[in-house]
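[1] here you go, sequence then predicted model.
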2 protein chains.
Amino acid sequence: MPTVSARRLREWSERVLVAAGVAREHATLVAESLVAANLRGVDSHGVHLLSLYLDQIDAGDLDVSATGEIVSESGACMVYDGRNGLGQVISSICVDHAIRLASELGLGMVTARESNHFGAAAWWASRIARTGKIGLAFCNASPIVAPWQGREGRFGTNPICMAVPSGQRDPWLLDMATTTVAANRIFKAHTNREPSIPAGWAMDRDGVPTTDTEAAYSGLLMPLGGYKGSGLAMMVEILCGVIGGGAMSTELGGIRFRGKPVRASQTFIAIDVERMQPDFRDRIDWLIDAVKSTAPAAGYQEVLVANEPELRIERDRLTAGIPVPEGTYEALRVAAARVGVTEALQP
Amino acid sequence: MPTVSARRLREWSERVLVAAGVAREHATLVAESLVAANLRGVDSHGVHLLSLYLDQIDAGDLDVSATGEIVSESGACMVYDGRNGLGQVISSICVDHAIRLASELGLGMVTARESNHFGAAAWWASRIARTGKIGLAFCNASPIVAPWQGREGRFGTNPICMAVPSGQRDPWLLDMATTTVAANRIFKAHTNREPSIPAGWAMDRDGVPTTDTEAAYSGLLMPLGGYKGSGLAMMVEILCGVIGGGAMSTELGGIRFRGKPVRASQTFIAIDVERMQPDFRDRIDWLIDAVKSTAPAAGYQEVLVANEPELRIERDRLTAGIPVPEGTYEALRVAAARVGVTEALQP
C-alpha cells in the first residue's frame, strides 16, 4: 500500500479545504485533527473523511463560515450553538471554554449543539489533558445502532473518551465507541471492497446478525455487550443531545446523507484534577505500572493499557509514513478535483 | 422460595446492625440501601451483604463510629476521607456535598477515599436525581478482574452509574459493572450452590475462561467486551482511587477478606441540568419514547430502557415480598445470632 508522510497529508488536506472555501486557520485545524487520527492508526477517523466533509460543503449541508455562539453560561456549565459550522471549529471553541471553566471552578462542562463531525474524540480530550486536566469528550451521532432487543436505529456509535495527564509514563487515553466497533470500520471495509467483517459487529436491515460487509453497510451496528452498550449509548445521548437542546436520536442527519445538516452534539468536560490530588501524576504512573505488571493470559505477550497500541503505531508512522488504501486515495482524488485541486496527494 | 416483606426485611436488618454497634440512624440508612436493591431484583447487592458487613465489624476491619472528614474543597471539587466508616454513611455525606456544590456551581464532584462497600451505586445516583439533577456514581473495588490480555486481578467490577430525572416517564437509571456481570452474581451462585454459571462471566485462577461456579469463585471476572471493559474499569479507578488519594488496584482489600480494611473509593458527580437545559424533563421523556418505539428484534416482544426491568420487579416485590434463598437465609441467621439477635427473619 502506498504511504504518504503526515506532513504531506496535512498540507494537501489543508489546501483542498481552503479550495472548498474553508478559512485557512480552520482548514489547518481540520487537517491536523484528521491526520492525527491516521498517525494513531485510527484510519476510520482519518483523511478519508475529507471527501465526505467536501460533499457536505458542496451540497450546502454545512456552513463553513459559521463559528457559533454561546447560548448560556451558568457556573461551570455552558451550552453552545454551533450554527452548523465545522465540527472541529465548534469543538475547538468549546474545549477552550471547558478548560477555562475548570481553571476557574475545578470543573467545566460545555455542550455544543448543531455541530458536525468532529474527527476522533481522542483529539479533543487530549487537548484538555495537555493543560494538566482530565479531559472527557462525548458525541452523539447518526442513528445507525439499534437499542438492545430492537431492530431499528436509535443511537449513534456515541463514543466515550477520557484523556488523563501522566508523569513519566505516556498519557492514558480511552476512546471507544459504545458499539462493538466504530461505524467507520464498516464504511472503510465497504470502501476498500473487503467482502466480510467479523461476527458481532453488525446486523442486517432485518435485525439479523451478519458478517457480510454489504449487508452490514446497509444494516445496523450492534451495541457493546448487549444491554450495557445500549445503556452507555443512551447515557452519551443524554449528555449530548438531550442536555444541549439540539437533535436527538432519529433527529440527527449524517455525513453520508445529503440534503440536511448533521446536527451532532458534543460534550466536553474538564476536571482540574491537581486541586483534588496534587500527587495525581505520580499516582497515575503507579496505576499504569500496576496494570502492565499483570502476568499475560495464554496467547499474549504483554498487557497493554489504553493509548499504548495507538502510540506505537504513531511512532512507526511518523517515520514510515501513513498508508493510504486505494479506495481512500481515489475518493480523495475525486473530491479534490471537484474543488479544483488536481495536484496529486503523492507527489 | 420463602418471601419476606420489604418492611420486615428493613426492620430486621436495622435491628441486627444496631446490635452490632451501629448507630440507629446509620443502621436505618444501611438497611434501606440494601433492601432497596432487593426490591429492584438486584439481590447481589441486597441483604445477603449484611452478614459480610457484620463479619467486617466483628473482625475490627471497619469502624462503625467513623463519619469521616473533608480533606479539601476547592471550587466544585471535594475530596473526603471516610476514615474506614460504613460505606453508606460516608456516601450519604458525600452525595449531599455533591448536590450542594452542583446547586451552587452547576457541577459538583466529590471523591471519598478510605470508604467501604456502599451497596448498589444506583441508590446514590438516584438520590441525586431526586433533587432534579443528573447523578453519577463510580466505585473502585477489590482487584478480582484481570485487565484485558492479563491473568491476574488488577481492577474491581468498578461500576458506572447514571440516574436522570424525567418528566412523565420513570427516571432513567443505568447501573452497570464494567465486567460482563457483577461479582456478587458469582458469589450468590456459590452461596446458593448452583454448579455452573454462563460462559463469558469469568476465568479460573489460571486465566482460562470457565463456566464452573467454584472455579470462577476462586478465579477472576472478565471485563465487558474485552479491551473496552478493561478501559472503562481503569477510567473508574482513575476517577475514584487515583483522584481520591486512597487505595488503588491491588492496594484494596475486600468484604470477603479479613484482617485489613476494604479501602474503597467512591466518586459522586451531580449536574444541575436545568440550568443547561430548562426543557430537560420533556426532552428525556421524548428520548425514552423514541427508544421504546423501536421495532423489536426477532425473539423479543418490546424494547426496554435502563431501569425498566428493575422497576417492574420492584412493583411486583412491593406486594409479593422479597424472595430470600435458603443459603442467604442461613448466612443471615448465623450472623445475627453472633450479635445476639435470635429473632427469626420470618416471623
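    Structure received.
[2] from here on, just use CA atoms for contacts and neighbour counts.
    Fine.
[3] burial count for A:R281?
    Each residue near A:R281 was counted by other CA atoms under 10 Å in any protein chain shown, and the total is 21.
[4] check which helix or strand it maps to.
    helix A:280-292 (DSSP states H and E).
[5] tell me the helices and strands packed up against the very next helix or strand once past that helix.
    Scanning forward in sequence from helix A:280-292 by DSSP H and E, the next helix or strand is helix A:308-320. Packing partners of helix A:308-320 (3 or more CA pairs under 8 Å, 6 or more residues apart in numbering or on different chains; DSSP states H and E): helix A:24-39.
[6] just the buried residues of the helix it packs on, please?
    Neighbour-count burial for helix A:24-39, counted by 16 or more other CA atoms under 10 Å in any protein chain shown, picks out A:26-28, A:30-39.
[7] so which of those comes closest to B:L86?
    A:A37 (45.7 Å; CA to CA).
[8] wait, what's in contact with the nearest residue to the closest one once chain neighbours are set aside?
    Nearest residue to A:A37, sequence neighbours excluded (CA to CA, 6 or more residues apart in numbering or on different chains): A:G46, at 5.1 Å. Taking CA atoms under 8 Å, 6 or more residues apart in numbering or on different chains, we find A:G46 in contact with A:S33, A:L34, A:V35, A:A36, A:A37, A:N38, A:G119.
[9] how much space between A:G46 and A:L107?
    Per CA to CA, to the nearest Å, A:G46 is found 30 Å from A:L107.
[10] same thing with A:S166?
    Remark: distance between A:S166 and A:L107 (CA to CA) = 19 Å.
[11] A:G21 now?
    From A:G21 to A:L107 the distance is 36 Å (CA to CA).
[12] quick check, the residue in the stretch 1-150 of chain A closest to chain B?
    Residue nearest to chain B within the stretch 1-150 of chain A (CA to the nearest CA): A:G150, separated by 4.2 Å.
[13] buried set for the helix holding A:R281?
    Buried-residue list, helix A:280-292, by 16+ other CA under 10 Å: A:F280, A:R281, A:R283, A:I284, A:D285, A:W286, A:L287, A:I288, A:V291, A:K292.
[14] got it, and stretch A:254-263?
    A:G254, A:I255, A:R258, A:P261, A:V262, A:R263.
[15] A:L239: which of the residues you listed is nearest?
    A:R263 (15.0 Å).
[16] okay, the closest one: pLDDT?
    With respect to pLDDT, A:R263 has a value of 98.
[17] what pLDDT is listed against the nearest residue to it once chain neighbours are set aside?
    Closest residue in space to A:R263, ignoring its immediate chain neighbours: A:E114 at 4.4 Å, by CA to CA, 6+ apart. On the pLDDT scale, A:E114 is placed at 98.
[18] just A:P347 next, same as before
    So A:P347 comes in at 65 (pLDDT).
[19] and A:T191, by the same measure?
    At A:T191, pLDDT is 84.
[20] report how many residues lie close to A:P198.
    A count of nearby residues for A:P198, using other CA under 10 Å, gives 10.
[21] quick check: residues of the stretch 101-250 of chain A near chain B?
    For the stretch 101-250 of chain A, the contact set with chain B under CA under 8 Å from any CA of the partner chain comprises A:104-108, A:146-154, A:162, A:174, A:176, A:180, A:206-208, A:224-225, A:228, A:231-232, A:235, A:238, A:242-245, A:248-250.
[22] got the contact list for A:I271?
    A:I271 touches A:A102, A:G106, A:L107, A:G108, A:K133, A:I134, A:G135, counting by CA under 8 Å, 6+ apart.
[23] any idea which helix or strand in chain A has the lowest mean pLDDT?
    The least trusted helix or strand in chain A, going by mean pLDDT, DSSP states H and E, turns out to be helix A:183-191, with a mean of 84.
[24] who does whatever helix or strand A:I57 lives in touch, helix- and strand-wise?
    Per DSSP H and E, A:I57 falls inside helix A:48-59. Under the contact criterion of 3+ CA pairs under 8 Å, 6+ apart, helix A:48-59 touches helix A:326-338.
[25] which elements pack onto the helix it packs on?
    In terms of contacts (3+ CA pairs under 8 Å, 6+ apart), helix A:326-338 is packed against helix A:48-59.
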